[in-house]
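> pasting the sequence and the predicted model now:
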Number of protein chains: 2
Amino acid sequence: MSDDLPQHGPRVLTVPPGEDRERLTCPDCGYIAYRNPLIVVGSVASWAGPDGEERILLCRRAIEPRLGFWTLPAGYMEERESSMEGAAREAWEEARARIEIDSLLAVYDIPRISQVQLIYRARLLSPDVAPGPESEEVALFRWEEIPWEELAFPTVRWALREHRDRRGRSDYAPAVNPTPDRLALWDRML
Amino acid sequence: MSDDLPQHGPRVLTVPPGEDRERLTCPDCGYIAYRNPLIVVGSVASWAGPDGEERILLCRRAIEPRLGFWTLPAGYMEERESSMEGAAREAWEEARARIEIDSLLAVYDIPRISQVQLIYRARLLSPDVAPGPESEEVALFRWEEIPWEELAFPTVRWALREHRDRRGRSDYAPAVNPTPDRLALWDRML
């Protein structure tokens, strides 16, 4: 037996009775470990300073992957919460930020890692933010201050761009994964 | 030991190192069974007949729960597919329907059962539909023919109403769970 194979728990791929695809099962106890896509919930949360100019909350990651890079407050949705509650919970956990959800900004599909991201547009109820355990630092950025070269993930950049495009709008279709043309346009705007 | 407790597989609630909440773990092998919300993907798929009048695809369930009741083609999103691909797959599996996704119609949160439903508006590429293994019958309904009293789940009714409200619109915010006022309005419209 190869040392690479787990020797306990669900580890055998087999098609359970009545199903149409392989599932990871435990040959010892019969447990079926269903693997389904995970939902990430997050927000583009902003604060309008005394000058009326919008500032967007970003968090510098204190954990891998992409330690030290800036991200939106976001994370895996938990059981028994709504997606909006999850986005608000993540803003609190990562940036000690209290937010009010406004609308759904984007739905991003990342099938390679079986992930769906629901990113909400939100308003900070106060500019007082502080790093939670998974953040090295949190800050409010004016648009021209955003550290584009130090963002943690492509979807962070996408969501920020889409947020900018929807300023002042209240009834809009949420963004989806950008087309290559749209990505090229954003690259030229940097 | 109670007969009600499983005696194999993940069955003990404990807080794993570095986490902030209890997870179901297997005391024999240490496997942690993370439980996260599941994504249901589905569609309100319609066909404009020769008279130009819209007909909406519904499926009569051949499986529990709600066997014999009418539902939208929908089901659990699988790994390594996008949410739109999942919605199209479900339309094929349940109604042998080929659809083209148009836009995101609704995002429903059902925290009681840890479920998020992404319901798309879609166009049938052909009116030829047929029951898949999980459907007793499939049919295209004019609006006034919809069997409101025989719908399988509240979200089916919600999505149909929201679809109706968005006729002819192309850039709209997806619906969320209806408010009590909105539900009462729909009840009066029956």
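Happy to help now that I have it. Numbering: from 1, shown residues only, chains lettered A, B, ... in the order given.
> how about the residues of chain A near chain B?
A:8-10, A:21, A:26, A:28-31, A:33, A:35-39, A:76-85, A:103-104, A:107, A:109, A:111-112, A:114, A:116, A:118, A:170-174, A:176 (Cβ under 8 Å from any Cβ of the partner chain). (Each C-beta comes from the backbone N, C-alpha and C, glycine too.)
> again, only this time at 7 Å
Proximity of chain A to chain B, by Cβ under 7 Å from any Cβ of the partner chain, involves residues A:8-10, A:26, A:28-29, A:31, A:33, A:35-39, A:76-77, A:79-83, A:103-104, A:107, A:109, A:111, A:114, A:116, A:171-174.
> a helix runs through residue A:90, doesn't it?
Yes: membership of residue A:90 in a helix is supported by DSSP: H, G, I helix; E, B strand; the rest coil.
> per-residue confidence at the nearest residue to it once chain neighbours are set aside?
Leaving out its chain neighbours, the residue that sits closest to residue A:90 by Cβ to Cβ, 6 or more residues apart in numbering or on different chains is residue A:75, at 4.5 Å. pLDDT, residue A:75: 97.
> strand partners of the helix or strand harbouring residue A:75, parallel vs antiparallel please.
Assessed by DSSP states H and E, residue A:75 sits inside strand A:74-76. Strand A:74-76 pairs in its sheet with strand A:38-48 (antiparallel), by DSSP bridges.
> now do the partner strand: distance to the chain's middle.
7 Å (Cα atoms, centre = their mean, to the nearest Å).
> now what about that strand, what contacts it?
With Cβ atoms under 7 Å, 6 or more residues apart in numbering or on different chains as the test, strand A:38-48 has contacts from A:54-57, A:72-77, A:83, A:86-87, A:90-91, A:97, A:99, A:105, A:114-124, A:127, A:140, A:159-160, A:163, B:36-37, B:39, B:116.
> just those: which are in helices?
Among the contacts of strand A:38-48, the ones falling in helices (DSSP state H) are A:83, A:86-87, A:90-91, A:159-160, A:163.
> drop anything exposed from the residues of chain A next to chain B.
A:9-10, A:26, A:28-29, A:31, A:33, A:37-39, A:77, A:81-83, A:103-104, A:107, A:109, A:111, A:114, A:116, A:172-174 (16 or more other Cβ atoms under 10 Å in any protein chain shown).
> how much space separates the most centrally placed residue in chain A from chain B?
Against the mean C-alpha coordinate of chain A, by Cα atoms, centre = their mean, the closest residue is residue A:74 at 4.2 Å. Here residue A:74 is placed at a distance of 14 Å from chain B (Cβ to the nearest Cβ, to the nearest Å).
> residue contacts, that residue?
A:40-42, A:90.
> now do residue A:53
Counted by Cβ under 7 Å, 6+ apart, residue A:53 has contacts residue A:142.
> gap between it and chain B?
Note on residue A:53: its distance to chain B, by Cβ to the nearest Cβ, is 25 Å.
> for residue A:122, same thing?
Look at residue A:122 and chain B: by Cβ to the nearest Cβ, they are 14 Å apart.
> wait, that residue sits on residue A:99?
Yes: applying Cβ atoms under 7 Å, one finds residue A:122 in contact with residue A:99, separated by 4.1 Å.
> on the pLDDT front, check residue A:19 for me.
pLDDT, residue A:19: 79.
> and the gap between it and chain B?
Taking Cβ to the nearest Cβ, one finds residue A:19 at 11 Å from chain B.
> now the end-to-end length of stretch A:39-55.
One end of stretch A:39-55 sits 26 Å from the other (Cα to Cα, to the nearest Å).
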